[in-house]
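Participant: below is the structure, and that's it, no one-letter string:
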């Protein structure tokens, strides 16, 4: 019988008996069916059977209670290890059964598992759980008691390939232990990768498996064996969210972002009302399409004919912006659906965010019936600058650029808008997603992936409605365009209570962190980081390799810049002797030509120019970090101008390397930093961390997209 068929029969039996978990012998069978090694074991129903089976397996043995009602066997006194004689096995059988009955007098006891006792090796945990955001995920970390103490665990989406499995093995903090320390042999990475991929395949084939917990797995130089197996079943774990095809998403999103006709439901001529603000932004913002105010009590609003209902508008309508109280939305959405609109932009609050889930579900059901996609509710609207589209009640915005941004929060959305204007970043879009009753981040990613006006996507999110769909979409998109995410709620009050180690360890943020990284997403630690990454990453050329060199006029800045490189995963190049000699030609004898290259603070402009030119010219150097110290010998604007000239000179020769700068000095360094930014050098005053963080973000994207040489 094939492996899948064996598991199917076991799960049919579990379902028929109304159980939520497999017994240990059933778990052993499932592992065996999927090629996951387990120790030899038997099921004994009497002490005599246990003795006989221990003789067959070979002493010493482990005894474990087998009961569908007792998941935590150790707590119940249901585990005994190291039983070396027949008498010890017989007595152990009786003890375990008595302990189990004392622990739960009503528990059904199937018998006692007699298991081969394995010694030596490193205990690890391999598991899978059903995450509410990402669905089936696989977990790996140190096992046994260490898993509870250290929580050194990493996660990936299931199923996973061998490369992803190896990245898990190498990705825990204690990976060095597995490679062998103090003369110990390394464990078999191949065997561990095999177990990880097989667990991923198992929960993918049988999504009703809510949790699979192999803890410990004993890893040795020769293999990996699951010593203890716990499997939980829940039909709800197999439920899939509603998903649209990429073609369906693109068709709707294109009409929403590039509409020919917009209706404003609740349009008003009265200043101060949301319906008036939306109309003003659309009209005054220069949107070239048709704008139809909908208001049964007005004949004309802002010199445009008003209609009592959207159904009365002649011709097609692509987008309906709702600026009416929540309670009126369902009826009007029915009309918009009959009209054939592609998108309903629900500005009003009073839905799920206030606990009114029923109204929100009703609105989604109406939209589904008519093929309408909903943006919101509870949003500020959206901007798409290539179409001069400001469908919002907030301030208008018209600074065009290549960055698309989204946020769940209106306040964050306005921070994005203000920063974009202040920093002269320019955007292609700013989109509020609010409650995400329908349209969410993966819909936006799908549109921006093919949008010729967008070079980078930056997203503020508090949660993901369908994390698996987002991860899969982000992986595809990030191979072409950087995707930056600020995930709010990084800290947790503790993982939810769970019935297994794997479930308890799958704390929200750790899962987000690992899976976003797996998807090639750049995670920003804070709002300002999100915005600075969005501003700086497109400006920096993609590096061709990992060698980073710091050139600084201040030793203190050099030390801090070096620390920042370590923090951001950047590789400080080991300067070869010939390059060391070349640098020393330009710096004073009391300078330092290592890495950082310390030219010292009192040097004139030519020293900066020559050392930077050398860093750009040498093909072994892939990125430059400049540390400037304000002196009268080389004033800030002189420094800024010479840097921009040298960078432009080499770019004209076809040499494009990322260059970032940290400027320390009096207030003039602010103007110098702005000048550098405007000329393609990411520069900041008063900080060594920010420029390196932006460079690190560029490197993280380039690595994940496979663009480094």
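Facilitator: Here it is on my side, so go on. Bear in mind the structure is a predicted one, so any value in this text is a computation, not a measurement. Numbers count the residues shown, from 1 in each chain.

Participant: and the residue nearest in space to the middle of the chain, how far is that from residue 692?
Facilitator: Closest to where the C-alpha atoms of the chain average out (Cα atoms, centre = their mean) is residue 516, at 2.2 Å. Noted for residue 516: a distance of 21 Å to residue 692, by Cβ to Cβ, to the nearest Å. Where you see a C-beta, it was placed from the backbone N, CA and C, and this is true even at glycine.

Participant: show me what contacts the residue nearest to the centre of the chain?
Facilitator: Residue 516 makes contact with 471, 474, 485, 487, 523, according to Cβ atoms under 8 Å, 6 or more residues apart in numbering.

Participant: let's see that with 7 Å instead.
Facilitator: Shown in contact with residue 516 (Cβ atoms under 7 Å, 6 or more residues apart in numbering): 485, 523.

Participant: likewise for residue 451?
Facilitator: The neighbours of residue 451, taking Cβ under 7 Å, 6+ apart as the test, are residue 428.

Participant: can you give me the pLDDT of it?
Facilitator: Looking at residue 451, its pLDDT stands at 98.

Participant: equivalent analysis for residue 477, please.
Facilitator: pLDDT at residue 477 comes out at 97.

Participant: just say helix, strand or coil for it.
Facilitator: helix (DSSP: H, G, I helix; E, B strand; the rest coil).

Participant: tell me, how many neighbours does it end up with?
Facilitator: Number of residues near residue 477 (other Cβ atoms under 10 Å) recorded here: 22.

Participant: find the nearest non-adjacent residue to it, please.
Facilitator: In space, and not counting its chain neighbours, residue 477 is closest to residue 449: 4.4 Å by Cβ to Cβ, 6 or more residues apart in numbering.

Participant: that's a helix at the one you found, yeah?
Facilitator: Yes: assessed with three-state DSSP, residue 449 lies in a helix.

Participant: and it, how far from residue 15?
Facilitator: The value you get for residue 449 to residue 15, if Cβ to Cβ is used, is 41 Å.

Participant: which of the two has more neighbours?
Facilitator: More crowded of residue 449 and residue 15, by other Cβ under 10 Å: residue 449, with 20 against 12.

Participant: is it true that residue 64 touches residue 110?
Facilitator: No: contact criterion Cβ atoms under 7 Å: residue 64 and residue 110 do not qualify, at 11.2 Å.

Participant: any idea how many residues pack against the closest residue to residue 423 other than its chain neighbours?
Facilitator: The shortest distance from residue 423 to any non-neighbouring residue, by Cβ to Cβ, 6+ apart, is to residue 535 (5.5 Å). Other residues lying near residue 535 total 22 when counted by other Cβ under 10 Å.

Participant: contact partners of the strand or helix carrying residue 535?
Facilitator: Using DSSP states H and E, residue 535 falls within helix 527-536. With Cβ under 7 Å, 6+ apart as the test, helix 527-536 has contacts from 403, 405, 412, 415-416, 419, 423, 425, 456, 458, 460, 484, 486, 522, 524, 682, 690, 693-694, 697.

Participant: mind running it again at 6 Å?
Facilitator: 403, 419, 423, 425, 456, 458, 484, 486, 524, 682, 694, 697 (Cβ atoms under 6 Å, 6 or more residues apart in numbering).

Participant: for stretch 322-338, same thing?
Facilitator: For stretch 322-338, contacts defined as Cβ under 6 Å, 6+ apart pick out 265-266, 274-275, 278, 309-311, 320, 344, 346-348, 350-351, 362-363, 366, 370, 372.

Participant: and residue 667, how many neighbours?
Facilitator: Residues near residue 667, counting by other Cβ under 10 Å, number 10.

Participant: just residue 176 next, same as before
Facilitator: Neighbours of residue 176 (other Cβ under 10 Å): 11.

Participant: and residue 37, by the same measure?
Facilitator: 17.

Participant: ranges for the helices of the stretch 301-450 of the chain?
Facilitator: 329-339, 357-370, 410-422, 441-450 (DSSP state H, counting those that start in this stretch).

Participant: what about the longest one, distance to the chain center?
Facilitator: Spelled out, it's helix 357-370. Put simply, helix 357-370 sits 29 Å off its chain's centre (Cα atoms, centre = their mean, to the nearest Å).

Participant: what residues of that helix count as buried?
Facilitator: 359, 360, 363, 364, 366, 367, 370 (16 or more other Cβ atoms under 10 Å).

Participant: same thing with stretch 192-211?
Facilitator: Here stretch 192-211 shows 192-204, 206-211 as buried, counting by 16+ other Cβ under 10 Å.

Participant: low-scoring stretches of this structure, by residue?
Facilitator: For the chain, applying pLDDT under 70 flags the ranges 1, 144-150, 490-508.

Participant: pull the longest strand from it.
Facilitator: strand 209-220 (DSSP state E).

Participant: what comes into contact with it?
Facilitator: With contacts defined as Cβ under 6 Å, 6+ apart, strand 209-220 is touched by 118, 121-130, 143-144, 187, 192, 199, 203, 224-232, 234, 237, 500-503.

Participant: residues contacting residue 65?
Facilitator: Residue 65 neighbours (Cβ under 6 Å, 6+ apart): 73, 78, 96, 100.

Participant: can I take it that residue 123 is in a strand?
Facilitator: Yes: per three-state DSSP, residue 123 lies within a strand segment.

Participant: now the helices for the stretch 551-700 of the chain?
Facilitator: 555-567, 577-584, 605-617, 636-652, 668-678, 689-704.

Participant: most tightly packed of those?
Facilitator: helix 689-704 (a mean of 23; mean count of other Cβ atoms under 10 Å).

Participant: what's the angle from that one to helix 668-678?
Facilitator: In terms of direction (axes from the mean of the first three to the mean of the last three Cα atoms, to 10 degrees), helix 689-704 departs from helix 668-678 by 20 degrees.

Participant: contact partners for residue 51?
Facilitator: Neighbours of residue 51 in contact, by Cβ under 6 Å, 6+ apart: 86, 89, 90.

Participant: so where does it fall, helix or strand?
Facilitator: Judged by DSSP H and E, residue 51 forms part of helix 47-57.

Participant: give me the nearest residue to residue 281, chain neighbours excluded.
Facilitator: Of all residues not flanking residue 281 in the chain, residue 390 sits nearest, at 3.9 Å (Cβ to Cβ, 6+ apart).

Participant: I figured the one you found hits residue 384, correct?
Facilitator: No: contact criterion Cβ atoms under 6 Å: residue 390 and residue 384 do not qualify, at 8.7 Å.
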